[in-house]
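Enquirer: here you go, sequence then predicted model.
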Amino acid sequence: SQQGEEDPQALSIQEGENATMNCSYKTSINNLQWYRQNSGRGLVHLILIRSNEREKHSGRLRVTLDTSKKSSSLLITASRAADTASYFCATDANYGQNFVFGPGTRLSVLP
Amino acid sequence: KAGVTQTPRYLIKTRGQQVTLSCSPISGHRSVSWYQQTPGQGLQFLFEYFSETQRNKGNFPGRFSGRQFSNSRSEMNVSTLELGDSALYLCASSLGAGGNTIYFGEGSWLTVV
């Protein structure tokens, strides 16, 4: 079964609005990473948050991690049409490189 | 610094054939992992190589195999192709230690007809 599950599966917003995506996972983790994928392309790394961290920022991105609830959220502020993509969370439970990805959230930002 | 390079980008094969995909990691990265992405199953981990040794393996049949060379370049091979093997195959590289970010290539689109 999937370790990470993103929610919602799809999200449509207007340019300028904020977008929030959530990720839940089942077992304890060491790290959680968020990736973006444009249609048919490779994944682009956004943010890595370690299990002992609660929040990280990168530009318009803000990631939170709640290990007690086994969940993370990705907030994109002031969204742009170029943010249209699928967003995935990936968890690393064994300090290995075999990350487990959720099914992703498809974000559409309408101009 | 050049990113992860995968070749070929697109290929079409016939059922029963075999295919080899290639991945050149970012310079200095010793870990290469492979993922299969399909609309139905999402992103699934295939295997990971570190210093020419398979370090982790996902839940795929033995038809899927891989190897890593001394220069960290990696290949994956799928034998006796099935229609269900049609997918985007993604390679990712990292320094290899726990907690490292993994960087993905653009992928190889495989269509089996």
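Expert: Everything's here; your move. Since this is a predicted model, take the numbers as computed values, not measurements.
Enquirer: could you use CA atoms for every contact and neighbour count after this?
Expert: Will do.
Enquirer: quick one: residues contacting the closest residue to residue A:37 other than its chain neighbours.
Expert: Leaving aside its chain neighbours, residue A:37 sits nearest to residue A:43 (4.7 Å; criterion: CA to CA, 6 or more residues apart in numbering or on different chains). By CA atoms under 8 Å, 6 or more residues apart in numbering or on different chains, the residues touching residue A:43 are A:35, A:36, A:37, B:103, B:104, B:105, B:106.
Enquirer: mind running it again at 6 Å?
Expert: Residues in contact with residue A:43, defined by CA atoms under 6 Å, 6 or more residues apart in numbering or on different chains, are A:35, A:36, A:37, B:104.
Enquirer: pipe those into TSV and attach distance to residue B:70, secondary structure and pLDDT per row.
Expert: Formatted as TSV, those follow (distance: CA to CA, whole Å; DSSP: H, G, I helix; E, B strand; the rest coil; pLDDT from 0 to 100):
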residue	distance to residue B:70	secondary structure	pLDDT
A:35	29	strand	95
A:36	31	strand	97
A:37	30	strand	96
B:104	20	strand	94
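Enquirer: could these go into a markdown table alongside distance to residue A:13 and neighbour count?
Expert: Shown next, in a markdown table, are the contacts of residue A:43 (distance: CA to CA, whole Å; neighbours: other CA atoms under 10 Å in any protein chain shown):
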| residue | distance to residue A:13 | neighbour count |
| --- | --- | --- |
| A:35 | 19 | 21 |
| A:36 | 17 | 23 |
| A:37 | 18 | 19 |
| B:104 | 27 | 27 |
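Enquirer: any chance of JSON lines for the residues you listed, columns distance to residue B:22?
Expert: Formatted as JSON lines, these follow (distance: CA to CA, whole Å):
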{"residue": "A:35", "distance to residue B:22": "23"}
{"residue": "A:36", "distance to residue B:22": "23"}
{"residue": "A:37", "distance to residue B:22": "21"}
{"residue": "B:104", "distance to residue B:22": "13"}
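Enquirer: what is the residue most central in space within chain B paired to in the beta sheet?
Expert: Closest to where the C-alpha atoms of chain B average out (CA atoms, centre = their mean) is residue B:34, at 3.2 Å. Per DSSP bridges, residues listed as beta-bridge partners of residue B:34: residue B:47, residue B:91.
Enquirer: give me the distance between it and residue B:28.
Expert: 18 Å (CA to CA, to the nearest Å).
Enquirer: return the residues in contact with residue A:72.
Expert: A:22, A:23, A:64, A:65.
Enquirer: equivalent analysis for residue A:22, please.
Expert: Neighbour list for residue A:22: A:6, A:7, A:72, A:73 [criterion: CA under 6 Å, 6+ apart].
Enquirer: strands - which of those residues land there?
Expert: A:6, A:7, A:72, A:73 (DSSP state E).
Enquirer: sweet, I'm off.
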